[in-house]
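1. fold the following for me, if possible:
(one chain, ligands or ions: 2)
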Amino acid sequence: MLPEDVLRDAPSYTPNPHELADLELLLSGAYAPLTGFLGRADLDALRRRGRLADGTQWPAAVTLAVPAELASELVLADPLRRTIILTDPEGAPVAALEVTDAWPSGERSYGVGGTVRAMGDGGRHTFQRLRRTPAEVRALLPPGRVLGVIADRPLHRPQLAQIAHAARTLAAHLLILIPVSGPGPDGLPTEALVRAIFAARDRLPPATIVALPLLNRGDELRDAMLRSKVAASYGVTHVLSTGGTLSGGGLRVLVPRELAYDNRDGQWRWRDDIPPRNRRLAMAPAEIDDLLDRGFPLPEWHTPPAVAKELVRARPPRRHRGLVVFFTGLSGSGKSTIARGLADSLRESGDRTVTLLDGDVVRRELSAGLGFSKADRDRNVRRIGWVAAEIGRHRGMAVACPIAPYEAARAAVRAMASEAGAGFVLVHVATPLEVCEQRDRKGLYARARAGQLRGMTGIDDPYETPADAELTVDTTTMTVSEAIGVVLADLVENGWVEPKLA
Ligand SMILES: Nc1ncnc2c1ncn2[C@@H]1O[C@H](COP(=O)(O)OS(=O)(=O)O)[C@@H](OP(=O)(O)O)[C@H]1O
Ligand SMILES: Nc1ncnc2c1ncn2[C@@H]1O[C@H](COP(=O)(O)OP(=O)(O)O)[C@@H](O)[C@H]1O
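-> Ligands and ions are numbered 1, 2, ... in the order given. Down below sits the predicted model:
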């Protein structure tokens, strides 16, 4: 253990959410035998042989990068001057990392490897009582086989039947591991996922339930292998494969048969044992989402009512959900005019509160002091996006209409809205530059052409045309009412707005 003053004087750093999730698993022992972030020798061996330098089989790179300035403060040869305090986003210490290897990993960042040791109380999370360590869980498990299920999606009747069947066949105790770092594959917030799984609990065999920050790295095979490793650390002996991924990682993998609903007796059984006219197949996640989006009930033969209730709460029909309508386009394309008209129509219906984040008001209040450099435009657009997402989180409707010339900033806004559980509709007002320039309501284009104004979007500043717009409107030959009508009709057609408005 390092002396107090060494810890006090050590530099501190807040890892990104992904790295913090890895850190939590390292500290809890879920990544055993790893005790810290990997160094170069291990990463090298991993890349070449899928093993750590000492030959231990390990599926995935568990790495940490820190700013170059921070790395340069360390003296790796001196045990008293090579520690970094890792903190959570609030700045509270979570761990001490004793850096034993550091190397340039990016333009201004260094990879650092070394052992981590827990500090502080580990921080608080929602459903804290479920975030148990492998040692705690192993102490709770009855002797014998343990069937692990990684539940990154809600459990509907077909999955429940598969789990019950597997647990019965193996005579195993059931351990459900719920990944809770960031939304699941269907965008369900983690708290809603946990609630939906608990809602199915009385239809499961006796189970131990654990929440843990397991993240996907985007490589299906490695992710599955890492999940198996983690499951094994929790005492799992057999893992039920879900979502079609097979994984070894030293565990026995059960591949469940595809079950279908037999409408002769209401049982779920192997699909091939049911005559086609009597069987109903399990619904795909996209079909379930579609029913929820349109406000149709999830059928009872497929989903226990208590689970359905949680899912409806988490994913209300689109017409009741928060929504961000985000206009982008050149100056003079018609964004503000359409946005204003849209906001008025929406207010008339009174279904949701409507906030118009009008360009002039935003630049006066929210973004006062910002100019039109790339950095300032990005800041402006992100602020608008942040406010809009919060409005959406509380089920309101936000209408925003900045030029938003950069793809990355628009993508960030989309991500914020979706993280907040709100819909996001990007409307590209694609009126061509010639038309905008002809309108030139503020005389800006004329000044830009005359060289009196620098950095005018479309003249000598970029506009990255969106490739992901939900709707594109060119107002060249449209009246204002027609343009508003097109947007409104699109919102109605996609279920975001009640038809009566149209
Ligand atoms: N250099 C330059 N380039 C583009 N636009 C300029 C510039 N300088 C001032 N203006 C006026 O500012 C309005 C655009 O502000 P935005 O907040 O929408 O821009 S951005 O999204 O941050 O890029 C824009 O208003 P709209 O015409 O309503 O789009 C312009 O009137
Ligand atoms: N179909 C249309 N939709 C929107 N604006 C239109 C349309 N036809 C003409 N216009 C005119 O174009 C101008 C667009 O200006 P504005 O809405 O301020 O654009 P922006 O917010 O994109 O800079 C307004 O003067 C508006 O009256």
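
2. show me the contact partners of stretch 51-63.
-> The contact list for stretch 51-63 (Cβ atoms under 8 Å, 6 or more residues apart in numbering) reads 19, 22, 26, 31, 33-34, 37-38, 41-46, 50, 105, 111, 113, 217, 219, 222-223, 225-226, 229, 249-250. The way it works is simple: take the backbone N, C-alpha and C, and place the C-beta from them, glycine included.

3. any idea which helix or strand carries the residue of the stretch 101-250 of the chain found nearest ligand 2?
-> Using Cβ to the nearest ligand atom, the single residue of the stretch 101-250 of the chain nearest to ligand 2 is G187, 30.7 Å away. G187 is part of no helix or strand when elements are defined by DSSP states H and E.

4. tell me who's in contact with P158.
-> When contacts are counted by Cβ under 8 Å, 6+ apart, P158 touches 259-261, 268, 282, 302.

5. buried ones only from those residues, please, as a PyMOL command.
-> Buried members of the contacts of P158, defined by 16 or more other Cβ atoms under 10 Å, are picked up in PyMOL with:
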select buried, resi 259+260+261+268+282+302
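
6. with respect to P154, which of the contacts of P158 is nearest?
-> Distance to P154, by Cβ to Cβ, is smallest for H302 among those, at 11.4 Å.

7. list the contacts of that closest one.
-> 156-158, 261, 280, 282-283.

8. what's across from R269 in the sheet?
-> Note on R269: beta-bridge partners A260, judged by DSSP bridges.

9. quick one: pLDDT of it?
-> Per-residue pLDDT puts R269 at 95.

10. burial check on it, number of neighbours?
-> 16 (other Cβ atoms under 10 Å).

11. got it, and S349?
-> S349, neighbours per other Cβ under 10 Å, totals 12.

12. what of the one 10 residues further on?
-> By other Cβ under 10 Å, the residues close to G359 number 20.

13. just A77 next, same as before
-> Applying other Cβ under 10 Å, we find 7 residues neighbouring A77.

14. and it, helix, strand or coil?
-> coil (DSSP: H, G, I helix; E, B strand; the rest coil).

15. residues contacting it?
-> If you count contacts by Cβ under 8 Å, 6+ apart, A77 has none.

16. how about the one 4 residues further on?
-> In this structure, R81 makes contact with 74-75, judged by Cβ under 8 Å, 6+ apart.

17. just list the residues touching the residue of the stretch 101-250 of the chain closest to ligand 2, thanks.
-> S418.

18. got the phi/psi numbers for it?
-> When read as degrees, to the nearest 10, the backbone of G187 gives phi 80, psi 10.

19. check P256 too.
-> Per-residue torsions, P256: phi -70, psi 150 (degrees, to the nearest 10).

20. now stretch 291-309: buried residues?
-> Within stretch 291-309, the residues that count as buried by 16+ other Cβ under 10 Å are 291-293, 298, 302-304, 307-308.

21. what is the nearest of those to A196?
-> V307 (5.5 Å).

22. list the contacts for the closest residue in space to the closest one that isn't next to it in sequence?
-> In space, and not counting its chain neighbours, V307 is closest to A199: 4.7 Å by Cβ to Cβ, 6 or more residues apart in numbering. Taking Cβ under 8 Å, 6+ apart as the criterion, A199 is in contact with 304, 306-307, 309-310.

23. number of nearby residues for the closest residue to ligand 1 within the stretch 401-502 of the chain?
-> Ligand 1 sits closest to P402 of the stretch 401-502 of the chain, with a gap of 3.3 Å, by Cβ to the nearest ligand atom. Residues contacting P402 under the criterion other Cβ under 10 Å number 26.

24. what strand or helix carries it?
-> Per DSSP H and E, there is no helix or strand for P402.

25. so what pLDDT did L501 get?
-> Per the predicted model, pLDDT is 46 at L501.

26. quick revisit: from the contacts of P158, which single one is nearest V75?
-> Comparing the contacts of P158 against V75 with Cβ to Cβ places A282 closest, at 58.5 Å.

27. if I look at the nearest residue to V6 once chain neighbours are set aside, how far off is D360?
-> Nearest non-adjacent residue to V6, counting by Cβ to Cβ, 6+ apart: L80, 5.1 Å away. As judged by Cβ to Cβ, to the nearest Å, L80 and D360 stand 57 Å apart.

28. and A417, what is it in contact with?
-> 322, 324, 385, 388-389, 392, 423-424.

29. now the residues you listed in JSON lines, please, with extra columns for distance to ligand 1.
-> Below are these laid out as JSON lines (distance: Cβ to the nearest ligand atom, whole Å):
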{"residue": "G322", "distance to ligand 1": "22"}
{"residue": "V324", "distance to ligand 1": "15"}
{"residue": "G385", "distance to ligand 1": "11"}
{"residue": "A388", "distance to ligand 1": "13"}
{"residue": "A389", "distance to ligand 1": "17"}
{"residue": "G392", "distance to ligand 1": "19"}
{"residue": "G423", "distance to ligand 1": "21"}
{"residue": "F424", "distance to ligand 1": "16"}
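
30. so which of those residues sit within helices?
-> 385, 388-389, 392 (DSSP state H).

31. put together TSV for the residues you listed, with neighbour count and distance to ligand 2 on each row.
-> As requested, the ones in helices among the contacts of A417 are exported to TSV (neighbours: other Cβ atoms under 10 Å; distance: Cβ to the nearest ligand atom, whole Å):
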residue	neighbour count	distance to ligand 2
G385	27	17
A388	28	16
A389	23	21
G392	26	22
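
32. need the max-distance pair from those.
-> Of all pairs drawn from the ones in helices among the contacts of A417, the greatest distance, 10.1 Å, lies between G385 and G392 (Cβ to Cβ).

33. and the gap between the residue lying closest to D22 once chain neighbours are set aside and ligand 1?
-> Nearest residue to D22 in three dimensions, chain neighbours excluded: V62, at 5.1 Å (Cβ to Cβ, 6+ apart). Distance of V62 to ligand 1, given as Cβ to the nearest ligand atom, to the nearest Å: 39 Å.

34. quick one: pLDDT of V62?
-> For V62, the pLDDT comes out at 97.

35. can you report how many residues neighbour it?
-> With other Cβ under 10 Å as criterion, V62 counts 22.
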